[in-house]
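K.L.:
sharing a model that was predicted from the sequence below.
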Amino acid sequence: MSMPPGAGSYTCPYCRIPSDGGGGTCPRCGAPVDIRLRATKSGWAEQPPIRDMARIHFNRSTCQISGAYVPVAEMNLHPEDWVYFSHHVLLHTDPNTRLEALQMGGGWNRVLAGMPMVMMKAQGPGHIAFSADHPGETLAIPLQHNQAVDVVEHRFLVATGNVTYRWERSGIWFTTQNGDEQEWHYPLGQMMDRFTAQGGPGLLLLHGPGNTFIRDLAQGERILVQPSGLIWKDPTVRMHLHIEYPRGQYWFSSARWQAKSLWLTLTGPGRVAVQSVFERPEMVGSIVQSSGATTQYW
Amino acid sequence: MDRIECQWCKAQNEPARTSCTTCGAPLDKKNLVSDSGWSEAPRLRDMTEFRFSNSTCQIEGEIVPVAEIALAHGDSVFFEHHVLLWKEPGVPMSAMNTGGGMKRTIGGMPHVISIAHGPGRIAFSRDATGEVVVLPLHPSMELDVREHAFLAGTHSLNYSFIRIKGLANVLHGGSGMYMDRFVTHNEPGLLLLHGYGNVFQKTLQPGEKILVEPGGFLYKDSTVTMNTVQQNVKTGLMRHGMYLAEMNGPGRVGIQSMYVHHGSE
């Protein structure tokens, strides 16, 4: 399917925001406008990397993406604009850009979940740049007023000041029993971030290790993904665990002991994005408890 | 006859060339500079070849690039032994005594710098995704490089190391206790670095300042002073202070986009 820029009306296939499409890249998310939508036969669209030095416009400021392996997002902040970020991702800044701490509530929960307790705020005017610590892609997600996305923890890079940030339990967990040992597992992390634009359009930047693929799930459509491969989803997409037990021939490959596959079921409607780099969940012993899950014995 | 000037190293090249003979930078591509003045290090094309002295260097691969050097008789390169990928059996090796043994041990730097002598082929690479940055050095140039970041230097370079001054700089600077210093005296030399992720360079004017995450620092001209400055921001559970490296011009500063964050977990 191709999406050529129309005469004065072009809708970006990735962020779905209309523009004139004349600049070579979408002014809202940086995706190239003059290439074919590269969709796999199964319906995943490969998110094209933002072109080197492409500019994304937000509020009265711009964000320029540079580099190919570990891209840098460099912002030219207008005096009235501000962004927030975790201090780990700051790469360089003008001395005149004002940096402040942005206190977050729920401190202990955040610490226990391995999330930063303090976010930082950068107030324009000035240049400030951010990068992550894995080879991958910078994802720009423009949000319209009141639009929200759910993001897996540690994928957040930076957001504009009018994007609210709250976190809630992912609700995806299971426990394993191995002898007397019981272990809790959170394949998506204990918490999940929700970002919502308030009072106007906002911009959210994420970093996806490896390559990124997105797809639209229709109402009731389901797809199984590796839990640690999920980057973000629309809030309308529901999730639950799915555990598969392949059929075994011998007693030691019986359903109780044999290797099992743990999946995250995503149910539409809405968009989901996955990354090509993921970690397989480590499971020793049998699963004895879990959040709502479906099971399949083959 | 018209010549093409390389935008990266300023060397003059014949008009027909598509890559610089001195540093390998593409000559048919515009230098990419961000709005705030950071230039991307040239992305060396796979199999790009360039020369130093009577030897040649070829860059292979793009994700974790390999620098393969065909050493001519009388030429040599020095390197830290852990970056050696392969070599021909007949390439003679020797060791450079760096001096300052105990200081280097404390600073976590290798005691011995290895030297490979021509003739023969030898190749180097590092351990993560990144870019090879080729920095030709002319007589009287002095370059300071983050420890363990250099891939190889040619025989005409003088290698030493300098202590990072100031306890705050050592404790919070994220660059360790020492930096490698490379100087040329009589003839030009070539320094190959490996930067994690992507590499960017900015030339600071006299008195111009920029704040850089210390883990992102890669190299600087010795004319650039580096001080660790505490920001009025507390981070983390133990309310650590946040430190950034303040680079003060004049001179070049190089940074890498993928780094280990130090100090304020």
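P.N.:
Great, that's in hand. Numbering: from 1, shown residues only, chains lettered A, B, ... in the order given.
K.L.:
going forward, measure contacts between C-alpha atoms and count neighbours the same way
P.N.:
OK.
K.L.:
next up, the contacts around the spatially closest residue to residue A:76 that is not a sequence neighbour.
P.N.:
Closest residue in space to residue A:76, ignoring its immediate chain neighbours: residue A:127 at 4.6 Å, by Cα to Cα, 6 or more residues apart in numbering or on different chains. Residues near residue A:127 by Cα atoms under 8 Å, 6 or more residues apart in numbering or on different chains: A:74, A:75, A:76, A:77, A:93, A:94, A:97, B:36.
K.L.:
helix, strand or coil for the third one?
P.N.:
The assignment at residue A:76 comes out as strand when based on DSSP: H, G, I helix; E, B strand; the rest coil.
K.L.:
my guess is it contacts residue A:65. True?
P.N.:
No: in this structure residue A:76 lies outside contact range of residue A:65 using Cα atoms under 8 Å: 11.4 Å.
K.L.:
give me the more crowded residue out of those two.
P.N.:
Legend: neighbour count by other Cα atoms under 10 Å in any protein chain shown for residue A:76 and residue A:65, higher for residue A:65 (25 against 22).
K.L.:
for chain B, see how far away the more buried one is.
P.N.:
Distance of residue A:65 to chain B, given as Cα to the nearest Cα, to the nearest Å: 9 Å.
K.L.:
which strands and helices sit next to the host helix or strand of that residue?
P.N.:
If you go by DSSP states H and E, residue A:65 is part of strand A:61-66. For strand A:61-66, the packing partners by 3 or more Cα pairs under 8 Å, 6 or more residues apart in numbering or on different chains; DSSP states H and E come out as strand A:54-58, strand A:72-77.
K.L.:
could I get the average pLDDT for the first one?
P.N.:
Okay, so that is strand A:54-58. Strand A:54-58 shows a mean pLDDT of 93.
K.L.:
distance from that strand to the middle of the chain?
P.N.:
19 Å (Cα atoms, centre = their mean, to the nearest Å).
K.L.:
pLDDT-wise, which helix or strand of chain A ranks last?
P.N.:
helix A:107-112 (a mean of 60; mean pLDDT, DSSP states H and E).
K.L.:
I'd like the next helix or strand past that one.
P.N.:
strand A:118-123.
K.L.:
now for that next one, which elements pack on it?
P.N.:
Strand A:118-123 packs on strand A:82-86, strand A:98-103, strand B:225-235, going by 3+ Cα pairs under 8 Å, 6+ apart.
K.L.:
out of these, deepest packed?
P.N.:
Comparing these by mean neighbour count (mean count of other Cα atoms under 10 Å in any protein chain shown), strand A:82-86 ranks first with a mean of 22.
K.L.:
let me see the mean pLDDT of that one.
P.N.:
The model assigns strand A:82-86 a mean pLDDT of 93.
K.L.:
ok, the nearest residue to residue B:53 once chain neighbours are set aside to chain A distance?
P.N.:
Distances taken as Cα to Cα, 6+ apart put residue B:75 closest to residue B:53, at 7.3 Å, once the chain neighbours are dropped. Using Cα to the nearest Cα, residue B:75 is found at 33 Å from chain A.
K.L.:
who's in contact with residue B:75?
P.N.:
B:53, B:54, B:55, B:117, B:118, B:119, B:154, B:155.
K.L.:
surely the last one touches residue B:187?
P.N.:
No: with contacts counted by Cα under 8 Å, residue B:155 stays clear of residue B:187, the gap being 9.9 Å.
K.L.:
neighbour-wise, which of the two wins?
P.N.:
A count of neighbours by other Cα under 10 Å puts residue B:155 above the other of residue B:155 and residue B:187, at 22 against 13.
K.L.:
can you pull the pLDDT of the closest residue to residue B:78 other than its chain neighbours?
P.N.:
In space, and not counting its chain neighbours, residue B:78 is closest to residue B:115: 4.2 Å by Cα to Cα, 6+ apart. Confidence at residue B:115, expressed as pLDDT, is 93.
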